[in-house]
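> prediction below, plus the sequence it came from.
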Amino acid sequence: MSDSLRDRIRMFILENYLFTDDANALALDDSLLGRGIVDSTGMLEIIMFIEEQLGVTVKDEEMIPENLDSVSRIAAYVESKRKVA
Amino acid sequence: MADSLVDLLLAGAARNPDKVALRRQHAAWTYADLTRGAASAAVMLRAAGLEPGDRVALLFRNSPEYVALFYGALAARLAVVPLNVQERARVLALQVAHGGVRLVVGDPEHPEWAALRDVLPGDVATRDVPSHDRTDSAAEFLQSLAVGDAQPLTSPRVAPADMAMLLYTSGTTGRPKAVMLSHGNLVANNVAIQAYLQLVPEDVGLTVMPFHFSYGNSVLHTHIAAGATLLLEDNLAFPLRVVQRFERERVTGFSGVPSTFAILMSRCRLDEHDLSSMRYLTQAGGAMTRAAIQQMRELLPSARFWVMYGQTEATARLTYLRPEHLEARLGSVGVPLDGIEIEIRNEQGDVLPPGQTGELCARGPNIMLGYWQDEEATRQTVVDGWLHTGDLAHRDEAGFLYIDGRLVDMIKVGSFRVSPLEVEEALATLPGIAEMAVASTPDEMLGQAVKAVIVLRDGAALDERQVKAHCRAHLASYKVPKIVEFASQLPRTSSGKVQRFKLS
C-alpha cells in the first residue's frame, strides 16, 4: 500500500480534527470513532475529502466502519476503488 | 402515578420479562436482564458506601450497562450525573467536583477515562465497568459488579421532589450549570410524552442521541416506561448502518434533531429500503426547514412526523405538534403537553396576547428543581414556579406556539447548546490573545457552528491551527471554533460591550 496515500489521509485528519502536524498523535490503526477524533459530521467531511481530493466516489453502501474507521482502512479502501476504476 | 422511573421499569418487566429491552449490534438485554442488572448495580453502589442523596457519575456511550447503572442508582436513591461522552477530562473533572460526586463509574475503553481518573479530586472514587457489544454482555456486567445474587429490584420509595439526576448543560468552566431533575419531573414528563406518542410494548425505537443529553434521556426512559424495545447506536457516522437496522429490525420509531435527518437524507437512499414499519418520527432540538420536513415525510410515508420543543430545564419536553396539524401550522412547535401551562410574557412580566412576541414561560410538574448550588441562577430562571426559558415566542389565535429566537447568547451546534463564554474562557488561557469574542456562524449541516474572532497582542504570533488545537485540548469537539478570524479590533457598542451579532 502506498505510504504517501496513508500520509496524506493522516495529514488531513491531523490538520482538521487534531490540529497538529505531529504524526505521532494518530496511529494508522486508531479507530477514529472509538478515540472520539471525529463525530458524525466529521465523517461526512472525511468522505468529502475522499471524493474531492482523492478522486474516489464513496457509494452509500461503502460508508461502513470497515472502510472508513482508521487511516489504514481508508487507504486500503481508496486503493481498492482506484484499482477497480 | 408511579413515584419513580424504577416503578415504570418494574411494571413493564413484570408484564413481559423476556422481551428485549435494549439491543446494540450484538448485545441484547431483556427486561429481566435489565432489572437484574439494575438490582446488582444498586447493591454495588450501596456497598461502595453511597447513601441516599449522594451523586454517582456515569461515563458510558449508549449501552445497556449505562441503563442498568442508571436504574440501579435510582433504586439506591442516588442522583445520577450522566457525563458528556464527547467532553474532555478536565471539564468532566470540574463537573464531578462541582456536583459533589462521590463515585464515577466508567467504561475503561472510553477515550477520556484514563485521563479523567488522573485528574479527579482525590476523594472521588472510581470504578471500571466494561461495556462490550457482545452477546453475553448482560452476564459479563453481573460478573464485573461481583456482588453475588442480588435481591430483586424494588421501588426506591422516594418523594416526588427528591433529586434523581444532575444534567450538566451549557455552563462555563468558571460557572458550571447543572440542572437538578427530580423523580417527579422524570416520571411526569416521560408519562406525558409516552401518552401523546402512544408508545406500546410492540414498538421498536432506535436512538442515536447520547443519553447525557435531555432528548436522548427522554427517548430512553419513554421506551422503557412503555415496555418497548430500544435499539442503541451512539452516533450517525455510518448512516446506512442505521437505515439497515431500521429495515432489518423493523423499527417503528426514530428520534432526531434537524442535522440527524439531514444526514440520513443526504447519504442514504431511504426510498430503496423497506421502511414500512416506521410508525413515528420525532424531531426536536431546533427548527427544521419546511422543505426538509416535507422531504422526510415523502421518503417515509408510513411515519407520522412529530415536531417537539423543550429544554433540559423542563426535563425534556414542553410542547408538541400533532402530525395532523403539521400542514396548517408548519413552523409551529405546537401546544403544551398535558399538565403544562405556557405563557408568553413581556419584560415587565405581563402576559401577551396572540401574535405578540415575548419570553416563553412554563409551569408544570416537569420544571426542574433548580440549578445545583446556584441559587442566584435558579432565582432568575424559575420565578414563582414559572420557568423562564430564554426563548422568544408567540402564539397564534388558535393557541399554537412559534419560536422566534433567543433572549440570551447561545450557540446551537446541531442540538447541543454551547455557551460563547465557555469557549472564550478556554481561549483566554492561550497566551498571545489580547481579546476575543465568540459567536455563532451559519452551518449548512448543523444549523450553527462556533466562530471565534481574535485580536492578538502586539508582537504575538498565533495561527488558526494553534487556536483550534488549544480549544480541542480543553473543550468537546463540537465546541471548537469551526472558523477562526483574526481582527485588529472587536465591534463594540458605545458603552464598550462586544456586539456578538456583528461577528456572525
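Structure's in. What do you need?

> give me the three-state assignment for the closest residue to chain A within the stretch 1-150 of chain B.
For the stretch 1-150 of chain B and chain A, the shortest gap (C-beta to the nearest C-beta) falls at B:P111, measuring 4.6 Å. C-beta: built from backbone N, CA, C; applies to glycine. Local secondary structure at B:P111 is given as coil here, using DSSP: H, G, I helix; E, B strand; the rest coil.

> just to check, it is in contact with A:G34?
Yes - here B:P111 reaches A:G34: they are 7.0 Å apart, a contact under C-beta atoms under 8 Å.

> which of these two has more neighbours?
Ranked by neighbour count (other C-beta atoms under 10 Å in any protein chain shown), B:P111 and A:G34 place B:P111 first, with 19 against 14.

> how about the contacts made by that one?
Counting by C-beta atoms under 8 Å, 6 or more residues apart in numbering or on different chains, B:P111 makes contact with A:G34, A:R35, A:G36.

> can you put the residues you listed in JSON lines and add pLDDT and distance to chain B?
Compiled in JSON lines, the contacts of B:P111 are given as follows (pLDDT from 0 to 100; distance: C-beta to the nearest C-beta, whole Å):
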{"residue": "A:G34", "pLDDT": "88", "distance to chain B": "7"}
{"residue": "A:R35", "pLDDT": "89", "distance to chain B": "5"}
{"residue": "A:G36", "pLDDT": "87", "distance to chain B": "5"}
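
> may I see the buried residues of stretch B:39-54?
Within stretch B:39-54, the residues that qualify as buried by neighbour count (16 or more other C-beta atoms under 10 Å in any protein chain shown) are B:A39, B:S40, B:A41, B:A42, B:V43, B:M44, B:L45, B:R46, B:L50, B:D54.

> OK, contacts around the fourth one?
To tie it back to what came earlier, the one meant is B:A42. For B:A42, counting by C-beta under 8 Å, 6+ apart, the contacting residues are B:G72, B:A73, B:A75, B:A76, B:A150, B:L153.

> tell me the least confident of the residues you listed?
Across the contacts of B:A42, no position has a lower pLDDT than B:A150, which has 79.

> let me see the contact set for residue 81.
No chain specified, so I'll use chain A. With contact set as C-beta under 8 Å, 6+ apart, A:K81 has these partners: A:V56, A:T57.

> my question was about chain B
B:V81 makes contacts with B:55-58, B:95-96, B:99, B:101, B:165-168, B:178, as judged by C-beta under 8 Å, 6+ apart.

> give me every residue that touches the nearest residue to B:T493 once chain neighbours are set aside.
Counting by C-beta to C-beta, 6 or more residues apart in numbering or on different chains, B:T493 lies nearest to B:Q499, which is 6.0 Å off, once chain neighbours are set aside. Under the criterion of C-beta under 8 Å, 6+ apart, the contact list for B:Q499 reads B:P491, B:R492, B:T493.

> who wins for neighbours among those?
Within the contacts of B:Q499, B:P491 tops the neighbour count with 14 neighbours, counted by other C-beta under 10 Å.

> touching, it and B:K497? I think so.
No - when contacts are counted by C-beta under 8 Å, B:P491 is not listed as touching B:K497 (9.9 Å).

> ok, then the element right after the lengthiest helix in chain B?
Once chain B is assigned using DSSP state H, the helix that runs over the most residues is helix B:31-47. Proceeding C-terminally, helix B:31-47 gives way to strand B:55-59 as the next helix or strand, assigned by DSSP states H and E.

> residues near the closest residue to B:I340 other than its chain neighbours, how many?
Computed as C-beta to C-beta, 6+ apart, the closest residue to B:I340 that is not its neighbour in sequence is B:G364, at 3.6 Å. Using other C-beta under 10 Å, B:G364 is surrounded by 22 other residues.

> and B:G364, how far is that from B:G184?
Applying C-beta to C-beta, to the nearest Å, the value for B:G364 to B:G184 is 11 Å.

> pLDDT at residue 81, what is it?
This is for chain A. A:K81 carries a pLDDT score of 93 in this model.

> wrong one, I was asking about chain B
98.

> which non-adjacent residue is nearest it?
Taking C-beta to C-beta, 6+ apart as the measure, B:V81 lies nearest to B:A57, with 4.1 Å between them; neighbours along the chain are not counted.

> ok, that neighbour touching B:A97?
No - under the criterion of C-beta under 8 Å, B:A57 is not in contact with B:A97, lying 10.6 Å apart.
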